[in-house]
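In: Please work out how this folds:
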Amino acid sequence: MFQEVLKQLQGSMEEESSEGAGSQELIERLKGEQFLSKIHSRSSREGDASACCAASPFSHPSREGHDGALDELEKERSLLLAELEKEEKEKDWYYAQLQNLTKRIDSLPLTENVRFKTLKTLCFEARQIRSAMEEQLGSCQEMERRAQVRRGEGGEGPGEERGGGEGPGEERGGRGGPGEERGGPR
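Out: Numbering: from 1, shown residues only. Model (predicted):
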């Protein structure tokens with residue numbers, strides 16, 4: 001059981017790490033493009049400044065608007081890169097937690113004592129579920145009686161056993177009686 005969970009965790013970690021490598025490459029590529037665009041925008045500004053002044057005074061304001069838009073886009077890009085890096089760090093932290101959990105699961109001894117504790121825990125959980133179910137739906141005898149009434153109202157026919165007033169609960173060897181009060185699933 002533990003090994004199946006471990007294999008599933010490892011499989012999902014491998015899938016996520018391959019996806020993580022792709023996003024890391026994306027971050028590096030975007031950083032490279034950011035660097036190149038900064039160099040390009042600086043050189044184009046210097047080269048265009050002389051051409052802008054020589055051309056006409058009306059083209060200069062639009063160039064400033066264009067440069068402002070480029071600066072704004074550059075800021076937005078850097079914010080997105082920072083956000084991607086933050087997500088990548090968070091993902092790495094979660095992977096580390098999963099790896100630590102995997103190591104802890106691997107270090108668990110597979111002895112009878114561990115199996116007994118696991119079985120005991122499962123039985124306890126089953127009793128809790130059973131008591132919660134009885135609180136919501138009533139005891140097994142009450143559920144059987146309601147089912148019997150529904151079958152009687154549904155017109156299932158005279159072939160159904162209704163003798164003795166006890167119904168199906170008695171026929172099944174006391175299901176819901178003292179046998180189930182021992183605790184735990186069968």
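In: Please count neighbours and contacts with C-alpha atoms only from this point.
Out: Fine.
In: quick one: residue 67 from residue 77, how far?
Out: Taking CA to CA, to the nearest Å as the measure, residue 67 and residue 77 are separated by 15 Å.
In: in this protein, what spans have low per-residue confidence?
Out: Filtered on pLDDT under 70, the chain yields the residue ranges 1-61, 101-102, 104-110, 112, 119, 153-186.
In: tell me the domain ranges of it?
Out: With domains defined by automatic domain parsing, the chain comprises 9-108, 113-182.
In: next SSE after the helix or strand that contains residue 121?
Out: Following DSSP states H and E, the helix or strand that holds residue 121 is helix 112-137. Once helix 112-137 ends, the next helix or strand along the chain (criterion: DSSP H and E) is helix 140-153.
In: pull the CA atoms of that following helix into PDB?
Out: Once side chains and other backbone atoms are set aside, the C-alpha atoms of helix 140-153 remain, and they are given as PDB (Å, rounded to 0.1, in the frame of the first residue of the first chain):
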ATOM      1  CA  CYS A 140     -29.000  -0.900  11.000                       C
ATOM      2  CA  GLN A 141     -32.400  -2.200  12.300                       C
ATOM      3  CA  GLU A 142     -34.000   1.200  11.700                       C
ATOM      4  CA  MET A 143     -32.600   1.300   8.100                       C
ATOM      5  CA  GLU A 144     -33.900  -2.200   7.500                       C
ATOM      6  CA  ARG A 145     -37.300  -1.400   8.800                       C
ATOM      7  CA  ARG A 146     -37.500   1.800   6.600                       C
ATOM      8  CA  ALA A 147     -36.400  -0.300   3.600                       C
ATOM      9  CA  GLN A 148     -39.000  -2.900   4.300                       C
ATOM     10  CA  VAL A 149     -41.700  -0.200   4.600                       C
ATOM     11  CA  ARG A 150     -40.600   1.200   1.300                       C
ATOM     12  CA  ARG A 151     -40.700  -2.200  -0.400                       C
ATOM     13  CA  GLY A 152     -44.200  -2.700   1.000                       C
ATOM     14  CA  GLU A 153     -45.400   0.700  -0.200                       C
END
